[in-house]
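S.K.: here's my sequence, what's the structure:
(2 chains)
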Amino acid sequence: MSGEADVLVEVRNLQKFFPLRRGFRRAGAGWIRAVDDISFDIRNGETLGLVGESGCGKSTLARCVVRLLEPTSGNLTFAGQDVTHLGMHRLRPLRRQMQLVFQDPTASLNPRKPVGRIIEEGLRIHRIGSAAERAGRVRDMLARVGLSPEYATRLPRDLSGGQRQRIGIARALVLGPKLIVADEPVSALDVSVQAGILNLFKDLQQEFQITYLFISHDLGVIRQVSDRVGVMYFGKLVELASAPSFYVRPLHPYSEALLASIPSADPDRRRDRGKVIEGEVPSATKPPAGCRFHPRCAHAEADCRREAPPLRALSPGHFVACHHPRNVTR
Amino acid sequence: MSAREQHRPAGSSPLIEVRNLSVRFGPVLAVDDLSFHLALGEGLGIVGESGCGKSATARAIMGLHRGDPRCQVTGKVLLDGVDLVTRSDRQMQKVRGRRIAMIFQDPLTCLNPLQRIGTQIAETLQTHTGLSSAAIRVRTIELLQLVGIPQPRERVNAFPHQFSGGMRQRVMIALAIACDPALLIADEPTTALDVTTQMQILRLLADLRIRTGMGLILITHDFGVVAEVADRILVMYAGQCVESGRTGKIFRTPQHPYTAGLLASIPSVDMPRLPRLPSIRGSPPSPAVHRPTGCSFRPRCDLGQDRCINPPPLVNDSKGPEHLTRCWFPGSASKAPNTLPPDAAEAT
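M.R.: Below you'll find the predicted structure:
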């Protein structure tokens, strides 16, 4: 289905461990395996949605993909080029092609700079265009994200939350990136504003053929924007599938539980309550042996406690890391 | 649903009745002439976006604005027929915790980090009940068990930092229900939690309501959350109630264009996926700026007409006696959801 040329980002066996420090001497007391041996591709022009609960490693993974964090091990390829160990100097031109949109539009914008300057910053860093050209480009970007040019002189505090997030998107867009990593970009917004931002993401993708790695804890949001969905649990990728396949037939018990846990807006459409999982994400310092989900899993058997299941394809394009996947028709 | 229905004594007088409540912070009108009532055992969801006045309402019921000299509360909050707004601070202290309790969004900032959780629950019991210290300890462990904390006998001696977010919220709930309050106000109780934990807490609240028969006011921005535990819903916009009614009716046939627009803009996992989400243009008005004259939703509304320059009253409509809507054209929005054309996504 997809040849090599279709792949923009190739992640192979990526690991990111953080040292765990304890006590007065802050001596190494072990490791937190935030991202543990994850492999996947992001195809050109698609939106890969990444879901998981807090602390599952989804933000760490995203930061590794754009090399804001140094991976502990593994390989990272961007547009056919191995970028795993690229130095700062050679990484900088590539940074133009991979941009980030953050969760909190207020914290991620410099409160003392007019928004025009904020958007222009990337162009200045990469020495693109004359001052007049840059100003034109800023106006253009403001228009693309649905704001009038007068906004260029305003400060972030004069803008509403949704407008601030539009500035965050314009800033990411101005350098003409191939990949935008959006880390919970709508979680801080009001519901009535969220829909407009999600539509904007889709419009921009169509216009500029941008690839998104879109992170959210909200399965409804992920469904709205994603072509494919990846589910993370405790540093592992436990399921990866096309969005329709995932939402119709989730294979991992954790995915199934996540879907069952969504409070349904419509009381008549409530999902089966029996599937809601008990317990909470285990301590990051002491991951359970075998499958990391087994202590909370209703379907765990002896092999789940012993052996960690690898990510395998159960049907074309639908991957799951589970010994006893759910909803399998035979 | 049927269990809840049976639990509610038919035709009982309301446990709490809020009449024409207004909350003003200096020039800012945060809550504007709000009225509602709640019976024992009933669940009311107050839904709205940031700045709509939902939390100010809760704090006004609890009398938490009293220390703020800029804040002015008018109207009546009748608990069992007694007005709380005019009660003295000392009298209110007896109401808070014992008759009305409240839980907040962030459990960590509400718990004392230096005290064992057992001590914190015991303190509440000591203040409001005449129990002996041995009885208090028994009751504390019983409460922890009731809110689903495993090994309550050991956990009673733990500190808040030793608990996860969901467990801390359980501790907060245990604190809140310690004196069997008649009314529990939960202000965004699950917003800081993960989805799987959120569902556990919502189930716990629904379960406690049935077991103890207390009234529950749940304040949230999330329609999904409110649907899980509320019998009735009150939708707030810019300090006013714009629509209220039974949960099922609000979801099936929203009458106000704001309610209809909000419901349509939620990306759901059980509805067919739309290429574009219907969205509401603009953003919710900040309470600090002057609200538009007439209908406060007018600048964002597709139904806006000349008539909307006059403020619409909150009136009963054809959806039954319990359904109130503040709109000159109720019901028109649910038939045609306001989908914006791509180029009109201005300035949200």
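S.K.: start and end of stretch B:217-226, how far apart?
M.R.: 10 Å (CA to CA, to the nearest Å).
S.K.: how close does the nearest residue to residue A:291 once chain neighbours are set aside get to residue A:236?
M.R.: Closest residue to residue A:291 apart from its sequence neighbours, by CB to CB, 6 or more residues apart in numbering or on different chains: residue A:304 at 4.5 Å. The C-beta positions use only the backbone N, C-alpha and C, and glycine is treated the same way. According to CB to CB, to the nearest Å, residue A:304 stands 13 Å off from residue A:236.
S.K.: before we move on, back to that, is it true that the residue nearest to residue A:291 lies in a strand?
M.R.: No - counting by DSSP: H, G, I helix; E, B strand; the rest coil, residue A:304 is not found in a strand; it is helix.
S.K.: what about it, how many neighbours?
M.R.: By other CB atoms under 10 Å in any protein chain shown, 23 other residues sit near residue A:304.
S.K.: ok so residue A:13 is a strand residue?
M.R.: Yes - using three-state DSSP, the assignment for residue A:13 is a strand.
S.K.: quick one: is the stretch of helix or strand residue A:224 belongs to near chain B?
M.R.: According to DSSP states H and E, residue A:224 maps onto helix A:219-225. Yes - residues of helix A:219-225 are located near chain B by CB under 8 Å from any CB of the partner chain, namely A:219, A:220, A:221, A:223, A:224.
S.K.: ok, and the most crowded of the residues you listed?
M.R.: Busiest of those [other CB under 10 Å] is residue A:224, holding 29 neighbours.
S.K.: strands of the stretch 101-250 of chain B, start to end?
M.R.: Assignment of strands within the stretch 101-250 of chain B using DSSP state E, counting those that start in this stretch yields the ranges B:183-187, B:215-220, B:232-237, B:240-246.
S.K.: over to the stretch 151-300 of chain A?
M.R.: Using DSSP E, counting those that start in this stretch, strands in the stretch 151-300 of chain A cover A:179-183, A:211-215, A:228-233, A:236-242.
S.K.: now residue B:18: phi and psi?
M.R.: Main-chain torsions, residue B:18, degrees, to the nearest 10: phi -100, psi 120.
S.K.: please verify my assumption that it contacts residue B:73.
M.R.: No - using CB atoms under 8 Å, residue B:18 is not in contact with residue B:73; the gap is 11.0 Å.
S.K.: ok, residue B:221 - contacts?
M.R.: A:190, A:191, B:47, B:48, B:49, B:50, B:188, B:191 (CB atoms under 8 Å, 6 or more residues apart in numbering or on different chains).
S.K.: tell me how many other residues crowd the fifth one.
M.R.: So that's residue B:49. Neighbours of residue B:49 (other CB under 10 Å): 21.
S.K.: contacting residues around the host helix or strand of residue B:262?
M.R.: Element membership for residue B:262 (DSSP H and E) is helix B:257-265. Residues from elsewhere that reach helix B:257-265 (CB under 8 Å, 6+ apart): A:191-192, A:194-195, A:265, B:47, B:223, B:235, B:237, B:242-243, B:250-251, B:254, B:277-280, B:297, B:300-303, B:327, B:329, B:332-334, B:337-338.
S.K.: do the same with stretch A:126-144
M.R.: By CB under 8 Å, 6+ apart, stretch A:126-144 touches A:92-93, A:96, A:116, A:119-120, A:123-124, A:148-149, A:151-152, A:170, A:173-175, A:204, A:207.
S.K.: go again with 10 Å.
M.R.: A:92-93, A:95-96, A:115-124, A:147-152, A:166-167, A:169-176, A:200, A:203-204, A:207-208 (CB atoms under 10 Å, 6 or more residues apart in numbering or on different chains).
S.K.: and if you look at stretch A:293-302?
M.R.: A:233-234, A:236, A:238, A:252-254, A:256-257, A:274-282, A:288-291, A:303-306, A:308-309, A:321-326, B:196.
S.K.: so residue B:71 makes contact with residue B:30?
M.R.: Yes - using CB atoms under 10 Å, residue B:71 is in contact with residue B:30, at 8.6 Å.
S.K.: quick one, which of the two is more surrounded?
M.R.: residue B:30 (24 against 18).
S.K.: wait, a helix at that one?
M.R.: No - Residue B:30 is assigned strand when assessed by three-state DSSP, not a helix.
S.K.: identify the residue nearest it in space, chain neighbours excluded?
M.R.: The nearest residue in space to residue B:30 (CB to CB, 6+ apart) is residue B:56, at 4.2 Å.
S.K.: OK, contacts around the residue nearest to residue B:299 when sequence neighbours are not counted?
M.R.: Residue nearest to residue B:299 in three dimensions, not counting chain neighbours: residue B:292, with 5.5 Å by CB to CB, 6+ apart. Neighbouring residues of residue B:292 by CB under 10 Å, 6+ apart: B:238, B:285, B:298, B:299, B:300, B:308, B:309, B:311.
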